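> here are the coordinates; sequence isn't available:
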Ligand code: NI
């Protein structure tokens, strides 16, 4: 196991679509996932995608921490155990979008307000070969969309529609920006 270097915005690997995993139960996948888990824990992230550690495969890991679920205290923001998915696919279930702060381990120090679908269905296969299918809302849906975007070479700033709400987390925490119109505050950012 090893803590791996995290690729940062600008690196080619973060702009390229990742490749499907032919056999999610292969020993090489387990070894890679172990490094992803260790790297995410070290960086205190809520999620990580394989391209973020320079591996061009469709693998994501994520969780909704207990502290996060408790803070939100709404339906759809229940604690989600650590989940490992190969070849994840998302289906959007609602036309509705909601705004929320996001941060990314590949865009260190920054955070931004990102619109995301409120309700999704997702599926994928674990390294044990089990199929996972879930519906998700709230932060759970947000982190899954953020991670799966990494597999298509997309970083959260590319999903933003108001770039005045992209900035250094330190500054936004010191002086929270005024949110007008349709943009409503929703929770704190969590790097993923
Ligand atoms: Ni990210």
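Perfect, I can see it now. As the structure is a computational prediction, the values presented were derived from the model and not from experiment.

> hey, which helix is longest across this structure?
Counting residues, the longest helix found in the chain (DSSP state H) is helix 27-43.

> Stretch 142-158 and the ion, are they touching?
No: for stretch 142-158, no contact with the ion is found by CB under 5 Å from the ion; the gap never falls below 5.5 Å. Bear in mind the C-beta positions are built from the backbone N, C-alpha and C, glycine included.

> What residue in this protein comes nearest to the ion?
residue 104 (3.2 Å; CB to the ion).

> where exactly do the helices run in this protein?
27-43, 66-72, 138-151, 169-174.

> what does this protein put close to the ion?
Counting by CB under 5 Å from the ion, the chain sits next to the ion at 104, 192.

> Just the residues contacting the longest strand seen in the chain, thanks.
Taking DSSP state E as the criterion, the chain has its longest strand at strand 80-92. With contacts defined as CB atoms under 8 Å, 6 or more residues apart in numbering, strand 80-92 is touched by 20-21, 24, 29, 33, 37, 57-64, 69, 117, 119-127, 132, 136, 140, 144-145, 147-148, 151.

> what about the residue nearest to residue 122 when sequence neighbours are not counted, neighbour count?
Spatial nearest neighbour of residue 122, chain neighbours left out: residue 90 (4.8 Å); criterion: CB to CB, 6 or more residues apart in numbering. Using other CB atoms under 10 Å, residue 90 has 18 other residues around it.

> and the gap between residue 90 and residue 167?
Distance of residue 90 to residue 167, computed by CB to CB, to the nearest Å: 28 Å.

> got any ranges where this protein has weak pLDDT?
Along the chain, segments meeting pLDDT under 70 span 67, 69-77, 181-182, 184-187.

> how about 90 then?
For the chain, the stretches with pLDDT under 90 are 1, 65-79, 176-191.

> Give me the neighbour count for the residue lying closest to residue 190 once chain neighbours are set aside.
Once flanking residues are discounted, residue 190 sits nearest to residue 46: 4.2 Å by CB to CB, 6+ apart. When neighbours are counted by other CB under 10 Å, residue 46 registers 24.
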